[in-house]
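**Student:** Structure for the following, please:
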Amino acid sequence: MKATTPVSTADGSPTLYSETYCEHYHSLSGAYEESLHKFVYPSNVLEKSRSQSVKVLDICFGLGYNSLSTLEHGCNGYPINITAIEKDENVIERASNLSYPFKAWTHLMKSLGKDQEVDYKNGNIQLVVADARHCLEGIHEEYDVIYLDPFSTLKNPELWTYHFFKELKDRLKSDGCIVTYSSALPVQRGFMKCGLNVYRTQAVGRRRGGTIASLSKRKDLEVLSPKEQFLLEHSDGSIPYRDPKLQSSPEEILIKRKKLIKYLLKKKKIYKVKHCYKAQMWEKRPIDK
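**Tutor:** Residues are numbered from 1 along each chain as shown. Modelled structure (predicted):
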């Protein structure tokens, strides 16, 4: 996977551009800011670490911002132990040359690239270099928080499928949650289909906020609006991505979803998003299927 020269984001922190996925690793509004406000703060990992040790699973470690920010700001509590998964070992090497907001991070990334494990402050990171879909079978821990940070759903759909979400759900503690920057309809519907409670997070650097999917109900989080609930339940835009054997290519996943949507529309099981908006269908009685 190719990554180009560093790009400075609005908060001064660097990111990289992936030539494979044709996307930046982070929002250009601020890589460091995004890690804090889209992942670390909404997850409540810092609050939880004040009373107990915490386990975090970081899917798509990338440049390390989510894990490093967690350890940087969780230094006054109990230990935070992070298992980080990244399939591209070359990006770890590229990241070790970045000028991070904290000088220690550059050294930590170099150590991770060499030893796959580092201790920092009162926590540690263990790096697993593998496709997240394939290495979860060997992970039997239960986690307080799972950070889910792949590229976008259209570029990296294999990590946004309902079947992958089921694997993540099975590795959550009873009060655990999955946190992601994405609020895409098929992502939220996939979480709901797994039996998770879905909540919104505040928008940072993007028009829409992210998502928290929790095993337990949370009164401290923002619930979805009636419009969002309706679109998730009845629109073509919410059909989840599928990958039953966790081995399909991105192209196969996208094609299968497109065919399923076409079939469901033909059978009038769902409605086009644009029709839902035009008719403001969420303001009427829910559709009986």
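**Student:** in the stretch 151-289 of the chain, which spans are helices?
**Tutor:** 162-169, 185-193, 226-234, 250-266, 273-279 (DSSP state H, counting those that start in this stretch).
**Student:** Please identify the buried residues of the longest one?
**Tutor:** To tie it back to what came earlier, the one meant is helix 250-266. Buried residues in helix 250-266, counted by 16 or more other Cβ atoms under 10 Å: 250, 253-254, 256-257, 260-261. All C-beta spots, glycine's among them, are computed from the backbone N, C-alpha and C.
**Student:** Can you pull the poorly scored residue ranges out of the chain?
**Tutor:** 1-3, 279, 284-289 (pLDDT under 70).
**Student:** What segments of it are strands?
**Tutor:** In the chain, the strands defined using DSSP state E lie at 7-8, 14-15, 17-18, 23-24, 54-59, 80-86, 117-120, 123-129, 143-148, 172-180, 197-200, 211-214, 222-223.
**Student:** thinking again about what came up before, for the helices of the stretch 151-289 of the chain, which one sits closest to D131?
**Tutor:** helix 162-169 (10.7 Å; Cβ to Cβ).
**Student:** relative to strand 54-59, how tilted is that closest one?
**Tutor:** 160 degrees (axes from the mean of the first three to the mean of the last three Cα atoms, to 10 degrees).
**Student:** before we move on, the earlier item: the helices of the stretch 151-289 of the chain into a markdown table, with extra columns for distance to P6?
**Tutor:** Shown next, in a markdown table, are those (distance: least, Cβ to Cβ, whole Å):
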| stretch | distance to P6 |
| --- | --- |
| helix 162-169 | 30 |
| helix 185-193 | 29 |
| helix 226-234 | 36 |
| helix 250-266 | 26 |
| helix 273-279 | 37 |
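**Student:** Ok, which of the ones you listed comes nearest E93?
**Tutor:** Nearest of the helices of the stretch 151-289 of the chain (Cβ to Cβ): helix 250-266, 24.3 Å.
**Student:** what's the neighbour count on Y100?
**Tutor:** 22 (other Cβ atoms under 10 Å).
**Student:** What distance do you get for it to V7?
**Tutor:** Between Y100 and V7 the distance is 14 Å, computed by Cβ to Cβ, to the nearest Å.
**Student:** list residues touching both of the two?
**Tutor:** Common neighbours of Y100 and V7 (criterion: Cβ atoms under 8 Å, 6 or more residues apart in numbering): P14.
**Student:** just to revisit the earlier point, please tabulate the strands of the chain in JSON lines, including the columns mean neighbour count and distance to S69.
**Tutor:** Output for the strands of the chain, formatted as JSON lines (neighbours: other Cβ atoms under 10 Å; distance: least, Cβ to Cβ, whole Å):
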{"stretch": "strand 7-8", "mean neighbour count": "13", "distance to S69": "18"}
{"stretch": "strand 14-15", "mean neighbour count": "22", "distance to S69": "14"}
{"stretch": "strand 17-18", "mean neighbour count": "18", "distance to S69": "20"}
{"stretch": "strand 23-24", "mean neighbour count": "16", "distance to S69": "17"}
{"stretch": "strand 54-59", "mean neighbour count": "25", "distance to S69": "11"}
{"stretch": "strand 80-86", "mean neighbour count": "23", "distance to S69": "11"}
{"stretch": "strand 117-120", "mean neighbour count": "17", "distance to S69": "11"}
{"stretch": "strand 123-129", "mean neighbour count": "20", "distance to S69": "12"}
{"stretch": "strand 143-148", "mean neighbour count": "25", "distance to S69": "10"}
{"stretch": "strand 172-180", "mean neighbour count": "20", "distance to S69": "12"}
{"stretch": "strand 197-200", "mean neighbour count": "20", "distance to S69": "21"}
{"stretch": "strand 211-214", "mean neighbour count": "23", "distance to S69": "17"}
{"stretch": "strand 222-223", "mean neighbour count": "13", "distance to S69": "22"}
